[in-house]
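In: next come a sequence and a model predicted from it.
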Amino acid sequence: VKQSNSNDSPPFNTLPSELVRVIAANNGVDSIDEEAANYVAEDVVFRLKNLILDGLKFMEHGRRKKLHCSDTDNALRVRNMEPIQGLMSRSLLPFRHTSGGGRELSWMVADDAAQDITELTLSAIPKAYGEPSFRAHWLAIEGMQPAVPENPPPYSKADQREDSVDPARKLMQDLEAPKKSSVVYINKTLKSFTVEHDVYRQLATHEPSVEQQLYYKEITEACVGSDESRRTEALLSLSTDPGLYDIVPRLTTFIAEGVRVNVIQKNLALLIYLMRMVKALLENQTLNLEKYLHDIIPSVATCIVSKQLCVRPEVDNHWALRDFAARLMAQVCRNFTSSSNNIQTRMTRIFSKALMSNTADDMSLASVYGAITGLGELGPEVVTAFIIPKLKYIGERISHSSGPDRPLGERKSASQVKEMVMKHVTPALKDTWNLQENLDKAQEQFGEYLAPLIIMSIVQSKAQEAKKVSEIPAPQSP
């Protein structure tokens, strides 16, 4: 390694103090001593070296061997300093001579043109865009891409074949296609401006074919019509036809709207027909109804817990509709509940709302009957958790409505609720309740009205089981 001689002149590593004094004098600082000038010179050299080193980093990042003005500008930006090196504009900037103090000066100015205020006032105002938002849409349904505006248009096999033969075809189409922009731009002379907006595509609807429209019309008319034979054939078609996927959304909408209208009109017969349509769709093994539960579940739940489903509740058998709808709801919970949708948990919460009141007057007997039926169809665990803790209040409501001074319809409703309580509570308590417990403890837990009835029902149930076991013939000896 070659070492430098100590007699050689040292490399330039600082600015002369005289240069610092001249620069200070030009900036209005006349008196500056030698020590301060040397300190300022050393600091300036230190900062220049750091700036050059940062510029070299940008040069190496750009894989260049020559330091450009843009490198030092980027180094200044990194240090939050205004770049002063080079000319960064890529467009032609006009220069115009102006007078200043009796002499001509060259200033970089833009050409300004006079604008007509009236024309600007009467011009069309661009449409204001709304706040950014998120909206979900289906990417694919059963392996097929739906024709919605958010999805790209379908790519036909003919276009794929032509693009594979002529790769430049797609490029030429992109170049020839008119480009739309939502940016308002003004030309350089500012004499005119144009506004172009993005073309908004309307929401596309999936129009069924003529055959599907005719099938939908015949099916809906047959299901809610007066001809029982046609209704049976229509329900059989709904439960077995594998080609109903395209019209299932319309069928579920028809059911939801039909339930909403007929509950208001208290048309019990049509509500039964609509629930039979739901049962037929649930029995069709080729359909996936999970995407349409938002129409099915509210309709079925309405037929379970609605306060009044018919014009004459004391005569019409609306209890059978509530039982049938409760079985449908249990089937929906078994088939579609998961850890993500929690259908059974949500339905349990809905049914338990009719049993949450602590006062007898706040509960409707029809709603209580529907809630008990819906919870009972979900299993004995649900009965133990939600019905048994409320037996005391349910018994008070039944006792209050069973008096001889109450209307006939209310007494019949109380009898129906009592039978439904015995039907679902007895199997849940048969294996857990000890018959040796005294009546006082049963009355404390179940209430004075229902406690003796429940104990009697448990005794009868166990006696029937013992009788069935005794009737089993003993195996004969060989």
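Out: Yes, it's here.
In: looking at the chain, which helix or strand does the model trust least?
Out: In the chain, the helix or strand scored least confidently by mean pLDDT, DSSP states H and E is strand 184-186, which has a mean of 39.
In: what about residue 70, distance to residue 54?
Out: According to CB to CB, to the nearest Å, residue 70 and residue 54 sit 12 Å apart. (Glycine included, C-beta is placed from N, CA and C.)
In: tell me which stretches of this protein form strands.
Out: Along the chain, the segments classed as strands by DSSP state E run 95-100, 103-108, 184-186, 193-195.
In: hey, least reliable of those strands by pLDDT?
Out: Taking the average pLDDT of each of the strands of the chain, the minimum falls on strand 184-186, with a mean of 39.
In: pLDDT at the closest residue to residue 367 other than its chain neighbours, what is it?
Out: Nearest non-adjacent residue to residue 367, counting by CB to CB, 6 or more residues apart in numbering: residue 354, 4.4 Å away. At residue 354, the predicted lDDT confidence score is 76.
In: now residue 354: how far from residue 386?
Out: For residue 354, the distance to residue 386 (CB to CB) stands at 10 Å.
In: comparing the two, which residue is more hemmed in?
Out: When neighbours are counted by other CB atoms under 10 Å, residue 354 and residue 386 differ, and residue 354 comes out ahead with 24 against 20.
In: contacts only, for the more buried one.
Out: Contact analysis of residue 354 by CB atoms under 8 Å, 6 or more residues apart in numbering lists 305, 363, 364, 367, 368, 370, 371.
In: kindly recompute the last result at 6 Å.
Out: Applying CB atoms under 6 Å, 6 or more residues apart in numbering, one finds that residue 354 lies in contact with 305, 367, 368, 371.
In: how many residues are close by the last one?
Out: Put plainly, it is residue 371. Based on other CB under 10 Å, the number of other residues close to residue 371 is 30.
In: just checking, it touches residue 350?
Out: No: between residue 371 and residue 350 no contact is recorded; they are 8.4 Å apart, counting by CB atoms under 6 Å.
In: how near is the closest residue to residue 424 other than its chain neighbours to residue 386?
Out: If the residues on either side of it in the chain are set aside, residue 424 comes closest to residue 376, at 3.3 Å by CB to CB, 6+ apart. Residue 376 sits 10 Å away from residue 386, taking CB to CB as the criterion.
In: just the pLDDT at residue 56, thanks.
Out: Note for residue 56: predicted pLDDT of 95.
In: next, count neighbours for it.
Out: Residue crowding around residue 56 was assessed by other CB under 10 Å; the count is 14.
In: from residue 53, how far off is the residue nearest to it when sequence neighbours are not counted?
Out: Taking CB to CB, 6+ apart as the measure, residue 56 lies nearest to residue 67, with 6.6 Å between them; neighbours along the chain are not counted. As defined by CB to CB, residue 67 lies at a distance of 11 Å from residue 53.
In: which one's more surrounded, these two?
Out: When residue 67 and residue 53 are compared on other CB under 10 Å, the one with more neighbours turns out to be residue 67, at 13 against 10.
In: can you give the domain ranges for this protein?
Out: For the chain, automatic domain parsing gives the domain ranges 17-78, 212-336, 352-465.
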